[in-house]
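Peer 1: Give me coordinates for this.
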Amino acid sequence: MLQHNSLLTSPIGPQLARMAGPMALGIVAIQAFNLVDIFFIGLLGTDALAAISFTFPVTFVVISLAMGLGAGLSACLGQALGAGNRQEAAQFTSHSLLLALLLVCLLAGLGAGTIDPLFRLLGATDALLVPIHDYMLIWYLTMPLLVLPMVGNAAIRATGDTRTPSLVMLVAGLVNGLLDPLLIFGIGPFPELGIRGAAIASASSWLMATIVGLWLLWRREQLLLWPWLRLDRVVPHWRQLLQVAIPASFTNLLNPLTTAVLMMILAGLGKEVVAAYGAASRIEALMLIAMMALSSVLAPFISQNTGAGLHERSRQALLLSMRFALGFQLLVFGLLWWLAPWLARQFTDSAEVSRHLTFYLRLVPLGYGLQGCFMLLASALNGLRVSSISLLFNAIRLFGLLLPLAWLGNRWHGEVGVFTGILVANMLAGIIAGGFAWRRFPWKINHPAN
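Peer 2: Next up, the predicted model:
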């Protein structure tokens, strides 16, 4: 039976670095996974690309649910492991995966039966409904193969092992990239399935990730029990999981909702500004990979140390991570300032779009360090199992700061004002996060690991 007590004893900085490195690789693999799908589907033509674009809001809701369940499992499991209660950890993991399976099967059945009316409501034409139906029917039916490895990998990360889940994600991405052209275009002995081939390729890679993830949880980590059910513990465990998972899922949904409203503001400034912001968002996702990786590993680190009663170690981990965020992202800002004109030329031939994009890349990244501090606090609060506080902070940042300041900036000075509003909002949110971390972390609510 493996014991991952390095999270409780190793020097904080090196331990977080060892965990964050593989996690960054896994995040890159996920982004590459999505880009490969878009690339090959785009080769089928405009209708196929438009059809897959219509599916993004629906698929993101399911992914947000899976991420929320993963956050809940990681936090609760980490505290149980930190307290040394391995049997409780195994029961919690087993019951959580059962709940994830039940929820996703319910959603899959509901989704498969409402494809046409749902996507008509989203604005899809009758012509696009055919490829959408072809893709989404397979996607819904194989959805458990997507959610189970996402939740299972969160459990493995909660033990302190980020390398194995990242390797699984990387291999899954390679399997998808290999099968996509074979099944979409019918290369060699494979049938030509078009957009359905993309869905089957994704499902095949998910199947591989599911088998490997469950095997690791069962054989190596010994965190899956058979039979799964202990009727006296199922409902309490589900309640604990959902107390973290529901707010975490809503937090994940806030960002695309905010982006949609922000795009409405930018749309009034012309398609060139919208195009510049779209390109900037893609670059931004790459520039914040280190923060996403560090925030992902901070939650299990804090949950285990909190479970072991090492509250000062949890606090020091958060403050050290925030100091790293400020320094590292300042270097990123300097690099982007220098590279901004060249990067803009890679994304567009339009001089006006290039001008807007260059301005964004020389302004908004100044706040990436403080934005990273905010991301780290949100993850740390999830690790303490107070994701409702994290949801509140995110709502304040997005709806209390970012959108109002972007709207005021638009009234004041068009796109310059909007981009300045985004910068100011991120900086204010980061300052609030830093102050909270210094004065109030760990949050006064402490949950027992049992």
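
Peer 1: When you work out contacts or count neighbours from here on, use the C-alpha atoms and nothing else.
Peer 2: Fine.

Peer 1: Tell me where the model's unsure across the stretch 351-450 of the chain.
Peer 2: 443-450 (pLDDT under 70).

Peer 1: At which residues are the helices of it located?
Peer 2: In the stretch 351-450 of the chain, helices defined by DSSP state H, counting those that start in this stretch lie at 351-361, 368-383, 387-395, 403-440, listed in chain order.

Peer 1: can you tell which of those is closest to L335?
Peer 2: Nearest to L335 among the helices of the stretch 351-450 of the chain is helix 351-361; the distance by Cα to Cα comes to 10.0 Å.

Peer 1: Quickly list the domain ranges of this protein.
Peer 2: By the assignment in automatic domain parsing, the chain contains the domains 11-229, 246-440.

Peer 1: Mind putting those domains into a markdown table with distance to Q240?
Peer 2: Formatted as a markdown table, the domains of the chain follow (distance: least, Cα to Cα, whole Å):
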| stretch | distance to Q240 |
| --- | --- |
| domain 11-229 | 7 |
| domain 246-440 | 9 |
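
Peer 1: circling back: so of the helices of the stretch 351-450 of the chain, which one's packed in deepest?
Peer 2: helix 368-383 (a mean of 28; mean count of other Cα atoms under 10 Å).

Peer 1: Just give me how far that helix sits from the chain centre.
Peer 2: With Cα atoms, centre = their mean, to the nearest Å as the basis, helix 368-383 stands 13 Å off its chain's centre.

Peer 1: now this protein, which segments are flagged as low pLDDT?
Peer 2: Applying pLDDT under 70 to the chain flags residues 1-5, 226-230, 443-450.

Peer 1: Once you drop chain neighbours, what's closest to the spatially most central residue of it?
Peer 2: Nearest residue to the geometric centre of the chain (Cα atoms, centre = their mean): M67, 6.5 Å. Closest residue to M67 apart from its sequence neighbours, by Cα to Cα, 6 or more residues apart in numbering: S249 at 6.6 Å.

Peer 1: Report the angle between the helix or strand hosting that neighbour and helix 387-395.
Peer 2: Element membership for S249, per DSSP states H and E: helix 231-267. For helix 231-267 against helix 387-395, the angle by axes from the mean of the first three to the mean of the last three Cα atoms, to 10 degrees is 0 degrees.

Peer 1: would you put the C-alpha positions of the helix or strand following helix 231-267 in PDB?
Peer 2: Later in the chain than helix 231-267, the nearest helix or strand by DSSP H and E is helix 271-287. Provided in PDB are the C-alpha atoms of helix 271-287 (Å, rounded to 0.1, in the frame of the first residue of the first chain):
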ATOM      1  CA  LYS A 271     -14.500  42.800 -35.800                       C
ATOM      2  CA  GLU A 272     -10.900  43.800 -35.700                       C
ATOM      3  CA  VAL A 273     -11.000  44.300 -32.000                       C
ATOM      4  CA  VAL A 274     -12.900  41.000 -31.500                       C
ATOM      5  CA  ALA A 275     -10.300  39.200 -33.700                       C
ATOM      6  CA  ALA A 276      -7.400  40.800 -31.600                       C
ATOM      7  CA  TYR A 277      -9.000  39.700 -28.400                       C
ATOM      8  CA  GLY A 278      -9.600  36.200 -29.700                       C
ATOM      9  CA  ALA A 279      -5.900  35.800 -30.600                       C
ATOM     10  CA  ALA A 280      -4.800  37.400 -27.300                       C
ATOM     11  CA  SER A 281      -6.900  34.800 -25.400                       C
ATOM     12  CA  ARG A 282      -5.100  32.000 -27.100                       C
ATOM     13  CA  ILE A 283      -1.700  33.500 -26.300                       C
ATOM     14  CA  GLU A 284      -2.800  34.200 -22.800                       C
ATOM     15  CA  ALA A 285      -3.800  30.500 -22.200                       C
ATOM     16  CA  LEU A 286      -0.200  29.600 -23.100                       C
ATOM     17  CA  MET A 287       1.300  32.300 -20.900                       C
END
